[in-house]
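Trainee: Predicted model and sequence follow; I will ask about them next.
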Amino acid sequence: MTKVLVPTVCPYCGAGCGFFIAVEKERATGIEYMPDHPVCEGALCSKGNAALEILYHQERLTSPLKRKGEGFSRISWEEAIDLVARAFGEAIKKHGPGSIAILASSKCSNEENYLIEKLARLLGSANVDSCARLCHAPSVVGLNRTLGAAGMTNPVPDIANSKCIFIIGSNLAENHPVLSRWIHRAKDAGAVVIVADPRMTHTSWMADVFLQLQPGTDVALLNGMAHLIIKEGLMDRYYIAKRTRGYEELKESVKDYTPEKVAEITGVSAGDIMRAARTYAISPASSILYSMGITQHSTGTDNVQAISNLALICGHLGKPGTGVMPLRGQNNVQGACDMGALAEFYPGYKKADDPETIKYFSSAWGVESLPLGPGLTATQMIDAAATGDVKAMYIVGEDPANSDPCSKNVHSALDNLDFLVVQDIFMTATAQLADVVLPAAVWAEKEGSFTNTERRVQWSHKALEPPGSALSDLEIVCRVAGGLGLDFDYPDAASVLAEINRTVPQYGGITWERLGKAGLIWPCPSIDHPGTPILHSSGFKFAEGRASIVPVLYRPAAEDASWDYPFILTTGRVAVHHNAGSMTRRSPSLIEREPDLYVEINPADATRLKVDDGDEVTITTPRGETQAYARLTDSVKRGVVFMPFHFPGTNILTTEITDPEARIPEFKVSACKISRRI
Amino acid sequence: MPVYIDISRCIGCRSCEVACQRVHDGSGHINVHFVGDSASIPIFCHHCEEANCTMACFTGALHKEGERTAFDVEKCTGCGLCKLACPFGVVWTNKIAHKCDLCEGRDAPTCVTTCPANALTTDFELANRRARSRAARVAAQGGRR
Amino acid sequence: MIKVDASLCLGCLSCSNVCPSQNIIRTETTEQRSIHWKRCKEECDLCVEFCPAKALTLVPFDESVPEPDASFDLVACKICKSRYATEPMLRRIESTLPANMQKDSDGLEWIRVCPVCRRNIEAERATRQMVLGRSRKNV
């Protein structure tokens, strides 16, 4: 029996590990590891190891569906496309193209995301966005402003060259496990690890200095570190003079952030702040790794800029072992952003409100005009659906009913739409609200390029056929476009990539032929360009090659503990689950290891609440209430509680308040109260 | 060669558990245990030189083959004495016994390859070097780490 | 048919597992294990051969002899109190292992502890130093 090993890119996180799917007689029979993969070296985390468990799951969507009362009835693809085309056509005719909104998917390939945003814009709507809005939108906005590019500046294996690794707002041990091997390699070579997190996470076990700060106080901490570095003269004067602009304003803005003042705000001792600051500045090559703990705040963009400032004044950019590293969560959220599935950017980060961008793409796509952005962001789309400004939505591979904050409002907003079509692999909570459901293929059942968090573009090959009448997202989007009168004649993913090569300069040389084993890291503008693992090594893409230091001031989080809601709820992830859990909660190996929603409570707080370990408790915020099992642990300080959001319920509680620029909700800080369920 | 663990590298991701379970048809032989809030460690068969399980096994199903404590499923009667004899609790019974077989027939033990943190190894020299470096650092700091 | 020397029976269920005709019935609750050997006419001697304690013999079929029964209270783990083994099985382990291997380095009689607790103890012992270091660092 011939066994074929098909190379694919893991569908889970942004590390982009590769592994082979063993296929025998057209069925996936196992996984083989990929020892020469540059990031994972053959390793694979628990989610990757369980990836095959969703392939043949009985709940896979296999047929287009149409709403019938409370349930659905199966329909043909012709009817489904017709319904979608008619609904969208009507909305555009009656209310204008601004009344339709499309959510692209961070699990779809670059080619699919490119077509999705092209579809929206060719229909005249600027309203296309993706879940990057809930995740690294502040990085996209903030890093584009300060450094001129939004993406991890150095590749993952380069972490091993770092001498000081500052991990802030990231639990990478559980969410990007393979990065741990590179951090340990750096430690073996003498690196110091600093971890800043309100919780004692598995990642903090690696730390030499652990800063357990209060949720939402990151700017204070980072400004405090900058203050000390400047006061003790530890900054890189040469780098500041040559490669930055704005240093004097920063120096002025941080002059009051003394270690003592910052200790008061953050709850971290002045001594620890000083140790961390000195280590970061003095080490010859320091890198900052950050994720949701930095971005998911009403001050997310400020947080990112504060990180960028720190790296710039110490000159820790542009060389091996340094860098500013946003750790992207989804397997292709970086790619979705690169392909312009963002309200404020067209592909290649050309600004949507720039007439030059419109000219460029009108010419590239052969049309007279295109909508000037910015369009509605993912969070604004929900608001607009509630007010009726958006009438029809097309949601691809995303579950806002579980991933967006304040679930109650999301449900009623989506209910209020005239028409909702959801394209997914399972009947998610969002799909439950749809008028038409389109069954899509999973990663193993289609091919395309995916861009991981290092900006590394890799080709994932097709191993199997999709079940029933499910189709690849590429196929579906082309059919929907066809139904709406657009000519999306792309026989395969490679043909879309060829167009991307022509229209996205950063991907200019990333052709299908060149995407061999190790992928290519953008910017890669031409066919003979080797790719750019380390960004900014010869300056920045701004005038005089200078990055912008953008001073930011500490602003408290939108919510604070109060008499009625005395605890601060912060949310996050665990190792065996992924995001809203639509895939991992359906994987037996994973759900058996973490079956229920829980809330981490400090034992001293639990005693006062008369709550024992394992008791069912009710957590309430102004938005609503949820039940969970109490887990007593010292990893959260008194007054702080933690819940993973992989189970429906956590986002019933979270706040809708967003960062004013990046429009990302403040998932990490909500005020709540807890009581034992009698 | 048996598998060795670098305890400072374990991140509690449980990939070894899921992988072992996957390649052994649902019956895994490695369990990650969490110690309070500050550590995790996978517990698995040591392939002891003088293996209690082989002493307790009255049919010879469990026996030594070189360094490996091997298991011949044909000879097992499911008595469960091996499970009680193992001081580390890493022999399981599910009608018949099952335990770590060092992934015989594969290139390398699956847990070793899959561990994202590179914490498991069959290389004794490497494990020894890591453990002793760590211990030396502890000794230098007066036993503090 | 089967004759059982109850004083030798360990309660291990080997015989029940190997019997090709389901003549040996086991019942188990959380606290107790009971075995019932039915009158059998089979001429195989698998149960005799595969009894670790040599507690079974074959005797001529006799309707008047009552079918043998044996009952064992499951022993509770010293630490978590879960019931995990019969007393004769634990005694058998204690007799097969040398005396100096029956207490671990902390003096615990580990045979009287269930496999789950044994793993936990091993985990705690192996990480003791490192846990101390990590918690001191975080104080």
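Mentor: Cool, got the structure.
Trainee: Please make it C-alpha for all contacts and neighbour counts, starting now.
Mentor: OK.
Trainee: Am I right that residue A:312 is in a strand?
Mentor: No - the assignment for residue A:312, made by DSSP: H, G, I helix; E, B strand; the rest coil, is helix rather than a strand.
Trainee: any idea how far it lies from chain B?
Mentor: Noted for residue A:312: a distance of 30 Å to chain B, by C-alpha to the nearest C-alpha, to the nearest Å.
Trainee: Quick check: that residue touching residue A:244?
Mentor: Yes - if you go by C-alpha atoms under 8 Å, residue A:312 and residue A:244 touch, sitting 7.2 Å apart.
Trainee: Check the contact lists of the two and give me the overlap.
Mentor: A:547, A:549 (C-alpha atoms under 8 Å, 6 or more residues apart in numbering or on different chains).
Trainee: what are the ranges of the strands in chain C?
Mentor: C:2-4, C:24-28, C:32-37, C:56-58, C:69-76, C:83-86 (DSSP state E).
Trainee: Of all those strands, which one is nearest residue A:333?
Mentor: Smallest distance to residue A:333 across those (C-alpha to C-alpha): 49.1 Å, for strand C:83-86.
Trainee: Quick check: mean pLDDT of the closest one?
Mentor: Averaged over strand C:83-86, pLDDT sits at 95.
Trainee: Does chain C have contacts with stretch A:633-651?
Mentor: No - Stretch A:633-651 stays clear of chain C (C-alpha under 8 Å from any C-alpha of the partner chain), getting no nearer than 10.3 Å.
Trainee: now what about that stretch, what contacts it?
Mentor: Residues from elsewhere that reach stretch A:633-651, judged by C-alpha under 8 Å, 6+ apart: A:198-201, A:402-407, A:566-574, A:577-581, A:596-605, A:625-627, B:37.
Trainee: What subset of these is buried?
Mentor: Buried members of the contacts of stretch A:633-651, scored by 16 or more other C-alpha atoms under 10 Å in any protein chain shown, are A:198-201, A:402-407, A:567-574, A:577-581, A:597-603, A:605, A:625-627, B:37.
Trainee: So residue A:273 sits against residue A:221, correct?
Mentor: Yes - assessed by C-alpha under 8 Å, residue A:273 is found in contact with residue A:221 at 7.5 Å.
Trainee: So these two - more neighbours on which side?
Mentor: Between residue A:273 and residue A:221, counted using other C-alpha atoms under 10 Å in any protein chain shown, the more crowded position is residue A:221 (30 against 25).
Trainee: and stretch A:669-678, which residues are buried?
Mentor: A:669-674, A:676.
Trainee: Please tabulate those in a markdown table, including the columns pLDDT, secondary structure and distance to chain C.
Mentor: Listed next are the buried residues of stretch A:669-678 as a markdown table, based on pLDDT from 0 to 100; DSSP: H, G, I helix; E, B strand; the rest coil; distance: C-alpha to the nearest C-alpha, whole Å:
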| residue | pLDDT | secondary structure | distance to chain C |
| --- | --- | --- | --- |
| A:669 | 95 | coil | 23 |
| A:670 | 95 | strand | 26 |
| A:671 | 96 | strand | 26 |
| A:672 | 96 | strand | 27 |
| A:673 | 96 | strand | 27 |
| A:674 | 97 | strand | 27 |
| A:676 | 93 | strand | 26 |
